[in-house]
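structure here, sequence nowhere to be found:
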């Protein structure tokens, strides 16, 4: 099960209370105060783990809790601090705090998401909720005129809140297009990824990232997202679930069925998909992009390809065939220039 967004409740541990204690010994039956401090509560920590690519672990365990610190003890012994609780999240997880706000006009409670962390670096950690501090024991309240204090301070509560986790795939380039344009086949030919491929729309129901090897020490990453339909920016056809995964891409590759095998016009398809991306995010629509005119091995593609070149005169067009491999070497070389990086640096 692929889960790319989830709401959770997190609460760090409470600090232990300070102790009220007095020394009692063989020769000091009425010794002074020696109550120790409480231990600190545990933190709730998120760690970026490359071995997971989904947030499904939190579907049935949406409460991220850390233990409380131990209460202080006699003989000035500080209570044991609780261990931090570390929860794994995949690279590309955007963490937002959920804030409830009352609408001044209707009085209804609305939810607002306030971003607090963008976790992209593998192995990095983020303290989601800080544990409370331990309280002070009665030894801290002893004075020359107050030698038997019974005062202490309780431990402070740990931070808590409701949070929204949203997974956004990390890739330098993204394959975007209408259903059945051949994106998954293309990803399988350019990288080692093995997406599901079938001759019907919406075969791909979740994003997939593949690594393209350009040379011994050069590579790039390419994301394939499910097909977009008209109204995707309004979340029709799960559009928002799909579009969020290209928000990190530096280059967008718009794949079109240049042969029109589905009975659709490639120019219209491309205009529709481009419009949906622009309506979803103006920033995303300004990213560098090109056209991958797929299925150019079919005779019907010649006329459609000419129409694409006439309509998009200033846009780079790559005539390719993911099925036969036609034009993929030139495309790979172009991608190396745009998104390739040296893995030794």
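Looks like it came in fine. Computed from a predicted structure; not experimentally measured. Numbers count the residues shown, from 1 in each chain.

every contact and neighbour count from this point should use C-alpha atoms.
Will do.

was I right about residue 98 contacting residue 112?
Yes. Counting by CA atoms under 8 Å, residue 98 touches residue 112, with 5.8 Å between them.

and the two? which has more neighbours close in?
Using other CA atoms under 10 Å, the more surrounded residue of residue 98 and residue 112 is residue 98, with 19 against 12.

residue 46 versus that one, what's the distance?
Residue 98 is 17 Å from residue 46, where distance means CA to CA, to the nearest Å.

cool, and residue 267?
Distance, residue 267 to residue 46, using CA to CA: 45 Å.

same question for residue 309.
Taken as CA to CA, the span from residue 309 to residue 46 is 48 Å.

between those two, who's got more neighbours?
residue 46 (22 against 15).

for the more buried one, phi and psi?
Per-residue torsions, residue 46: phi -100, psi 130 (degrees, to the nearest 10).

partner residues bridging it?
Per DSSP bridges, the residues bridged to residue 46 are residue 87, residue 126.

okay, which residue is most central for the chain?
residue 93 (1.6 Å; CA atoms, centre = their mean).

check contacts around the closest residue to it other than its chain neighbours.
The shortest distance from residue 93 to any non-neighbouring residue, by CA to CA, 6 or more residues apart in numbering, is to residue 167 (4.4 Å). By CA atoms under 8 Å, 6 or more residues apart in numbering, the residues touching residue 167 are 4, 5, 54, 55, 90, 91, 92, 93, 94, 245.

can you pick out the most distant pair from the residues you listed?
Taking CA to CA as the measure, the contacts of residue 167 span a maximum distance of 14.1 Å, between 55 and 245.

higher neighbour count, those two?
A count of neighbours by other CA under 10 Å puts residue 245 above the other of residue 55 and residue 245, at 26 against 20.

pLDDT below threshold where in the stretch 201-345 of the chain?
For the stretch 201-345 of the chain, residues meeting the criterion pLDDT under 70 lie at 201-206, 227-242, 345.

ok, now with 90
Counting by pLDDT under 90, the stretch 201-345 of the chain has low-confidence residues at 201-250, 259-265, 269, 272-287, 297, 299-301, 313, 322-323, 337-345.

can you tell me how far residue 151 is from residue 142?
Distance of residue 151 to residue 142, computed by CA to CA: 9 Å.

and residue 54, by the same measure?
Distance of residue 54 to residue 142, computed by CA to CA: 54 Å.

ok, back up a step: which residues touch the residue nearest to the centre of the chain?
118, 119, 120, 165, 166, 167, 168.

and it, bridged to which residues?
Taking DSSP bridges as the rule, residue 93 bridges to residue 119, residue 167.

how far does stretch 5-18 sit from the chain's center?
21 Å (CA atoms, centre = their mean, to the nearest Å).

next, count neighbours for the nearest residue to residue 344 once chain neighbours are set aside.
In space, not counting the residues next to it along the chain, residue 344 is nearest to residue 217; the distance is 6.7 Å by CA to CA, 6+ apart. Around residue 217 there are 12 other residues, counting by other CA under 10 Å.

can you give me the buried ones in the longest helix along the chain?
What stands out as the longest helix in the chain, according to DSSP state H, is helix 266-280. Residues of helix 266-280 classed as buried under the neighbour-count rule (16 or more other CA atoms under 10 Å) are 266, 267, 269, 270, 272, 273, 274, 275, 276, 277, 279, 280.

after that helix, which helix or strand is next? Please name it.
Scanning the chain past helix 266-280 towards its C-terminal end, the next helix or strand to appear is helix 282-285 (assignment: DSSP states H and E).

other SSEs contacting that following helix?
Other elements packing on helix 282-285 under the criterion 3 or more CA pairs under 8 Å, 6 or more residues apart in numbering; DSSP states H and E are helix 266-280.

what is the helix it packs on packed up against?
In terms of contacts (3+ CA pairs under 8 Å, 6+ apart), helix 266-280 is packed against strand 173-177, strand 251-257, helix 282-285, helix 301-311.
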